[in-house]
Structure formats: C-alpha cells, structure tokens
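Asker: Provided below for reference: sequence and predicted model.
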Amino acid sequence: MAEIHVRPDALRRLGLHPDQPAARVTGPAPPAWWHAEAERLAARRAR
C-alpha cells in the first residue's frame, strides 16, 4: 500500500484537519456529473 502525504495548508483549505491520521470511504462516490463540473470549474479558474 502506498502512502500519500499532503501539506497541512492544503488540507485546511478543504476543511480537513492535518492531524487526522487516515480517512475511510463511508459512502458511494459522487455522480459522474459532479466530477465533470469540478473539472470545468478548475479549467475556468486556470485561465
């Protein structure tokens, strides 16, 4: 299993606590349209 490290300031921007040791999926993934909309918004912000 690979470990993923994220900078604390990046976690705080997402409303997460940097001292949280791990996270587990507790439900289904968001629908496909949600991912597509997130990508559209990210592309718009990058311009």
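Answerer: Nice, thanks for sending it over. Residues are numbered from 1 along each chain as shown.

Asker: Please make it C-alpha for all contacts and neighbour counts, starting now.
Answerer: Will do.

Asker: tell me the phi and psi of residue 32?
Answerer: Here is the backbone geometry of residue 32 (degrees, to the nearest 10): phi -60, psi -40.

Asker: for the spatially most central residue of the chain, what are its contacts?
Answerer: With distances taken as C-alpha atoms, centre = their mean, residue 14 lies nearest the centre of the chain, 7.2 Å away. With contacts defined as C-alpha atoms under 8 Å, 6 or more residues apart in numbering, residue 14 has no neighbours.

Asker: start at 57 instead
Answerer: Sure, I'll start numbering at 57, so the last one becomes residue 70.

Asker: Would you map the strands across this protein?
Answerer: Here the chain has no strands by DSSP state E.

Asker: for it, what helix or strand is lowest in average pLDDT?
Answerer: helix 64-69 (a mean of 84; mean pLDDT, DSSP states H and E).

Asker: distance between that one and the chain's centre?
Answerer: Mean-position distance between helix 64-69 and its chain equals 11 Å (C-alpha atoms, centre = their mean, to the nearest Å).

Asker: And for stretch 89-103?
Answerer: 13 Å.

Asker: Check stretch 62-81 too.
Answerer: Put simply, stretch 62-81 sits 9 Å off its chain's centre (C-alpha atoms, centre = their mean).

Asker: From residue 70, how far out is residue 100?
Answerer: Distance of residue 100 to residue 70, given as C-alpha to C-alpha, to the nearest Å: 19 Å.

Asker: and the gap between residue 94 and residue 70?
Answerer: Distance, residue 94 to residue 70, using C-alpha to C-alpha: 14 Å.

Asker: Which pLDDT value goes with the nearest residue to residue 65 once chain neighbours are set aside?
Answerer: Nearest residue to residue 65, sequence neighbours excluded (C-alpha to C-alpha, 6 or more residues apart in numbering): residue 74, at 8.0 Å. On pLDDT, residue 74 comes in at 71.
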